[in-house]
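Peer 1: heads up, no residue letters with this:
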Ligand code: HEM
């Protein structure tokens with residue numbers, strides 16, 4: 001049995017704890033950014049108002065800041081002062097990280113450190129590379145084919161149960177959790193999956209709650225308990241899965257070996273599994289809900305995507321073969337365009353390990369920097385008429401003509417989303433089933449209010465119609 005894991009204290013390969021590494025660099029203060037554009041010092045009340053706008057009016061707030069201060073500015077955030085850098089060039093500098101200036105671990109640490117301490121995004125450089133290579137085994141074509149079968153079965157079953165009017169966001173959340181139980185963990189839908197799902201949801205919610213201590217009755221307390229449950233669950237299951245073959249991601253990770261031929265330790269498996277589930281869950285819920293909504297608002301596109309997938313169905317039958325997924329190009333474009341407008345990771349944080357210069361601004365070591373896919377995805381100089389949903393922007397020719405760092409819903413460089421192909425596969429499979437069985441019906445005048453942070457979420461759950469199509473079960 002594993003010793004209980006204290007996520008903050010346990011030591012990694014070089015013998016240091018995450019906290020020790022974090023504290024090696026001084027935390028810059030607002031005075032260190034006096035030379036940068038930005039709103040400067042604000043009263044407590046003003047900070048509260050800004051925080052409220054950051055949570056509920058994020059796009060407009062960032063637009064105003066950009067108009068007032070330009071593409072590089074210093075602000076106060078929930079976790080302290082931060083420098084925002086907006087532009088495709090900023091995305092490239094930070095994500096490609098060619099000079100190894102930026103730490104992903106230390107950027108994400110204030111947000112994810114307590115609950116998801118050693119996931120891939122919480123590792124840097126050599127250690128990260130080695131672990132990423134091990135985990136990549138779970139995303140090779142053979143396991144992906146097996147996940148596809150599980151995804152398609154689950155999606156088809158759930159869509160058949162959905163009523164003709166529903167709130168798509170919570171329905172999608174439940175579906176995504178259940179699909180993760182089968183494809184990530186290899187457990188059937190039922191009470192065990194429900195318990196795991198609940199522990200997991202508590203943990204994810206806690207990772208973004210403003211109260212960071214596990215005080216009684218707080219979300220953080222529920223999150224810490226959820227983590228304890230999952231640590232116990234995975235710890236119990238790992239020995240059962242060692243040396244076994246199965247199609248789920250967990251069993252793949254348990255049996256994956258590194259360059260040295262070694263398996264991951266129990267602790268490493270637990271942290272990677274927790275993190276993988278977190279990384280997949282809200283991002284898929286958010287992006288798939290947005291795709292359904294935009295296709296509902298754009299009946300012509302909905303029909304085009306349907307015709308494409310029905311044509312494929314005509315050739316292959318009802319089971320979607322893995323090697324034909326590439327033919328669902330319009331479905332892909334529809335999904336990409338939804339993520340342009342509602343990127344599931346609207347901000348990507350890093351911490352500068354060394355002083356660096358960007359567009360003539362000197363930014364000191366220790367600074368928390370944020371790039372902002374949400375803003376670059378709406379830059380009118382890159383995306384004409386940026387608020388319009390138009391999947392044709394992702395036709396191959398148009399994509400080729402654009403700076404590739406102008407569209408980064410999955411990040412880029414060494415930390416580029418490991419589940420990118422999984423996400424596209426789930427999106428295509430979902431649309432293949434949904435558009436066959438249902439017509440998405442969204443009133444022309446309806447506009448949900450999106451809360452963009454931490455992950456885009458329609459505040460009303462996104463009520464819409466999913467009308468059964470004649471002749472389908
Ligand atoms: C639409 C769905 C998704 C979106 C938009 C998304 C987005 C992202 C982004 C932006 C990053 C990079 C963050 C950074 O650089 O700091 C990332 C990393 C990651 N994602 Fe995803 N993700 C999605 C789905 C998934 C899924 C389904 C999985 C797993 C099956 C997954 C696993 C991961 C992992 C493991 C990382 C860390 C990679 C590393 O640090 O090397 N993601 N994701």
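Peer 2: Noted; the coordinates are in hand. As the structure is a prediction and not an experimental result, all values here were calculated from the model.

Peer 1: what's near enough to touch residue 424?
Peer 2: Residue 424 is in contact with 325, 332, 335, counting by CB atoms under 8 Å, 6 or more residues apart in numbering. For the C-beta atoms, the positions are set from N, CA and C on the backbone; glycine is no exception.

Peer 1: pLDDT and neighbour count for those - can I get that in TSV?
Peer 2: Converted to TSV, the contacts of residue 424 look like this (pLDDT from 0 to 100; neighbours: other CB atoms under 10 Å):
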residue	pLDDT	neighbour count
325	98	19
332	98	20
335	98	27
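
Peer 1: just for this structure, where's the confidence low?
Peer 2: Within the chain, the ranges that satisfy pLDDT under 70 run 1-13, 473.

Peer 1: Could you tell me which residues of it lie near the ligand?
Peer 2: Within the chain, the positions adjacent to the ligand are 104, 120-121, 132, 276, 279-280, 283-284, 287, 339, 344-345, 348, 409-411, 415, 417-419, 422-423 by CB under 6 Å from any ligand atom.

Peer 1: so residue 336 touches residue 392, yeah?
Peer 2: No: Residue 336 is beyond contact range of residue 392, at 10.8 Å (criterion: CB atoms under 8 Å).

Peer 1: Please say which of the two ends up with more neighbours.
Peer 2: residue 336 (19 against 11; other CB atoms under 10 Å).

Peer 1: right, and the helix or strand after the one helix or strand the more buried one maps to?
Peer 2: Secondary structure assigned from DSSP states H and E places residue 336 in helix 329-341. Moving toward the C-terminus from helix 329-341, the next helix or strand (DSSP H and E) is strand 348-352.

Peer 1: Counting by contacts, list what that following strand packs against.
Peer 2: Packing partners of strand 348-352 (3 or more CB pairs under 8 Å, 6 or more residues apart in numbering; DSSP states H and E): helix 88-96, strand 102-103, helix 104-112, strand 368-371.

Peer 1: Single out the most deeply packed of those.
Peer 2: Per residue and on average, the most neighbours among the helices and strands packed on strand 348-352 fall to strand 102-103, with a mean of 24 (mean count of other CB atoms under 10 Å).

Peer 1: Can you pull up the most central residue in the chain?
Peer 2: Closest to where the C-alpha atoms of the chain average out (CA atoms, centre = their mean) is residue 283, at 3.9 Å.

Peer 1: show me the contacts for it.
Peer 2: Residue 283 neighbours (CB under 8 Å, 6+ apart): 344-345, 423, 455.

Peer 1: any idea how far it is from residue 427?
Peer 2: Residue 283 sits 11 Å away from residue 427, taking CB to CB, to the nearest Å as the criterion.

Peer 1: Can you name the residue of the stretch 51-200 of the chain nearest to the ligand?
Peer 2: Proximity of the stretch 51-200 of the chain to the ligand (CB to the nearest ligand atom) peaks at residue 120, 3.6 Å away.

Peer 1: what's that residue in contact with, if anything?
Peer 2: 128, 131-132, 135, 272, 275, 415, 418.

Peer 1: repeat for residue 130
Peer 2: Counted by CB under 8 Å, 6+ apart, residue 130 has contacts 258-259.

Peer 1: and if you look at the one 3 residues further on?
Peer 2: Residues in contact with residue 133, defined by CB under 8 Å, 6+ apart, are 258-259.

Peer 1: That one in helix, strand or coil?
Peer 2: helix (DSSP: H, G, I helix; E, B strand; the rest coil).

Peer 1: distance of it from residue 32?
Peer 2: 37 Å.

Peer 1: coming back round to it: got a markdown table for the contacts of residue 424, with distance to residue 40 too?
Peer 2: Listed next are the contacts of residue 424 as a markdown table, based on distance: CB to CB, whole Å:
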| residue | distance to residue 40 |
| --- | --- |
| 325 | 51 |
| 332 | 44 |
| 335 | 41 |
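
Peer 1: Can you tell me which of these lies closest to residue 402?
Peer 2: The nearest member of these to residue 402, counting by CB to CB, is residue 332 at 15.8 Å.

Peer 1: any idea how far that closest one lies from residue 120?
Peer 2: Note on residue 332: its distance to residue 120, by CB to CB, is 25 Å.

Peer 1: Same question for residue 395.
Peer 2: 32 Å.

Peer 1: what's the spacing between the helix or strand hosting residue 274 and its chain's center?
Peer 2: Assigned by DSSP H and E, residue 274 belongs to helix 266-297. The gap between where helix 266-297 is centred and where its chain is centred comes out at 6 Å by CA atoms, centre = their mean, to the nearest Å.

Peer 1: and the angle for whichever helix or strand comes after that helix with helix 266-297?
Peer 2: Next helix or strand after helix 266-297 toward the C-terminus (DSSP H and E): helix 299-316. Using axes from the mean of the first three to the mean of the last three CA atoms, to 10 degrees, the inter-axis angle of helix 299-316 relative to helix 266-297 is 120 degrees.

Peer 1: shouldn't residue 430 be in contact with residue 287?
Peer 2: No: with contact defined as CB under 8 Å, residue 430 does not reach residue 287; the gap is 10.3 Å.

Peer 1: Tell me which of these two has more neighbours.
Peer 2: Between residue 430 and residue 287, counted using other CB under 10 Å, residue 430 has the larger neighbour count: 26 against 23.

Peer 1: mind listing what that one touches?
Peer 2: Contacts of residue 430 (CB under 8 Å, 6+ apart): 155, 288.

Peer 1: swap in residue 362?
Peer 2: For residue 362, the contacting residues are 35, 355-356, by CB under 8 Å, 6+ apart.

Peer 1: looking at the residues you listed, which has the most residues close by?
Peer 2: Neighbours here mean other CB under 10 Å. Within these, the largest count is held by residue 356, at 18 neighbours.

Peer 1: For that residue, list the residues it contacts.
Peer 2: Shown in contact with residue 356 (CB under 8 Å, 6+ apart): 99, 101, 362-363.

Peer 1: circling back: who wins for most neighbours among the contacts of residue 120?
Peer 2: Highest neighbour count within those: residue 272, with 27 neighbours (other CB under 10 Å).

Peer 1: Identify the residue nearest the closest residue to the ligand within the stretch 351-473 of the chain in space, chain neighbours excluded?
Peer 2: Going by CB to the nearest ligand atom, the ligand is nearest to residue 419 of the stretch 351-473 of the chain, at 2.0 Å. Nearest residue to residue 419, sequence neighbours excluded (CB to CB, 6 or more residues apart in numbering): residue 280, at 5.5 Å.

Peer 1: ok, that neighbour to residue 431 distance?
Peer 2: Counting by CB to CB, the gap from residue 280 to residue 431 is 18 Å.
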